[in-house]
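Enquirer: how would this look folded up:
(one chain, ligands or ions: 1)
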Amino acid sequence: MSTAAQPDTAKHSPRQRPVIAIDGPAGAGKSTVAAHLARRFGFLNLETGAMYRALALKAIQNDHSFDEEAALVDLAQQTTITLQPVVDGNRVLLDGVDVTQRLREKDVTAAASKVSVHPRVRAWMVAQQQKLGGQGGVVMEGRDIGTKVFPDAEVKIFLDAAPEVRGNRRYRQVSPAGQPVAAPVTEEAVLREMKERDERDRNRADSPLQPAEDAVILDSTALTLEQVLEQAEAIVTGRMQQSR
Ligand code: DC
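Expert: Have a look, this model is predicted:
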């Protein structure tokens with residue numbers, strides 16, 4: 001696992017720049033908020049979900065079961081995942097091949113949630129993520145950033161929204177004009193799959209999705225995108241001023 005943008009040097013030195021942890025369920029707007037904050041504060045944007053997705057894709061390509069923890073850890077160790085920060089998120093290379101678009105497909109999405117339940121897979125991912133973000137100056141987005149990857153993050157935001165609102169946003173992403181092209185998809189189906197994934201992510205034994213005790217909860221159910229971005233920015237600015 002590697003990132004094109006961050007050398008691994010700071011393991012034992014205190015961070016010069018903050019870590020901003022953005023956690024929350026699918027469809028809450030984490031990627032949009034993370035990309036905005038990274039741009040606004042000049043930080044690196046790292047999407048940890050893309051790492052789980054890339055490993056899931058490799059498992060699919062190699063006909064691996066999503067249930068076999070040891071085999072998945074072996075597979076991870078033979079895999080190079082590169083996150084290249086771009087304007088609206090990360091370009092992802094799996095063993096040198098650009099898989100950014102493929103990672104968003106339905107089978108990979110479901111598989112990522114399944115491979116992520118295994119403690120040894122998670123331990124491996126967390127160690128990579130701690131190296132990638134160790135120097136600070138990053139906005140790291142995921143499910144366990146504020147609780148497990150960087151429990152000492154300077155800023156922690158838990159972004160949430162009602163399931164129906166998140167499902168509707170996801171539906172509009174997969175079917176922008178309400179006119180699905182590749183395969184018929186309904187809003188109900190998107191919501192159902194999202195709820196299944198939420199259920200798995202929230203109830204797994206290791207690092208279930210939950211807000212860190214010191215996270216600021218930002219519920220975007222009744223907010224416009226502009227309001228969410230504004231509030232997220234205000235939280236970061238406030239926290240950074242406090243910690244000076
Ligand atoms: O954020 P995302 O939808 O790309 O994440 C895909 C899956 O990866 C998600 O269902 C749960 C898992 N994941 C995780 O367990 N921990 C993270 N830090 C990020 C993602």
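Enquirer: which non-adjacent residue is nearest the residue nearest the centre of the chain?
Expert: Taking C-alpha atoms, centre = their mean, the centroid of the chain lies closest to residue 142, which sits 3.1 Å from it. Distances taken as C-beta to C-beta, 6 or more residues apart in numbering put residue 48 closest to residue 142, at 3.6 Å, once the chain neighbours are dropped. (Each C-beta comes from the backbone N, C-alpha and C, glycine too.)
Enquirer: Please report how far residue 230 lies from residue 33.
Expert: Here the criterion is C-beta to C-beta, to the nearest Å. By it, residue 230 lies 11 Å from residue 33.
Enquirer: Mutual contacts of those two, please.
Expert: Both residue 230 and residue 33 lack any common contacting residue under the criterion C-beta atoms under 8 Å, 6 or more residues apart in numbering.
Enquirer: Neighbour count: these two, which is higher?
Expert: In this view residue 230 and residue 33 are compared by other C-beta atoms under 10 Å, and residue 33 has more residues nearby, 26 against 13.
Enquirer: Please export the C-alpha coordinates of the strand or helix carrying the more buried one as PDB.
Expert: In the assignment (DSSP states H and E), residue 33 maps to helix 30-41. Extracted as PDB, the C-alpha positions of helix 30-41 are listed here (Å, rounded to 0.1, in the frame of the first residue of the first chain):
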ATOM      1  CA  LYS A  30     -18.100  12.600   3.800                       C
ATOM      2  CA  SER A  31     -16.300  12.700   0.400                       C
ATOM      3  CA  THR A  32     -17.700  16.100  -0.500                       C
ATOM      4  CA  VAL A  33     -16.900  17.500   2.900                       C
ATOM      5  CA  ALA A  34     -13.400  16.000   3.000                       C
ATOM      6  CA  ALA A  35     -12.600  17.200  -0.500                       C
ATOM      7  CA  HIS A  36     -13.800  20.700   0.400                       C
ATOM      8  CA  LEU A  37     -11.800  20.900   3.700                       C
ATOM      9  CA  ALA A  38      -8.700  19.500   2.000                       C
ATOM     10  CA  ARG A  39      -8.900  22.300  -0.600                       C
ATOM     11  CA  ARG A  40      -9.800  25.000   1.900                       C
ATOM     12  CA  PHE A  41      -7.000  24.200   4.300                       C
END
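Enquirer: after that helix comes which helix or strand?
Expert: Helix 30-41 is succeeded, C-terminally, by strand 44-47 (DSSP H and E).
Enquirer: Tell me the strands beside that next one, with direction?
Expert: According to DSSP bridges, strand 44-47 forms sheet pairs with strand 138-142 (parallel).
Enquirer: who touches the strand it pairs with?
Expert: In contact with strand 138-142 (C-beta under 8 Å, 6+ apart) are residues 6, 19-23, 30-31, 34, 37-38, 41, 43-49, 129, 132-133, 149-150, 153.
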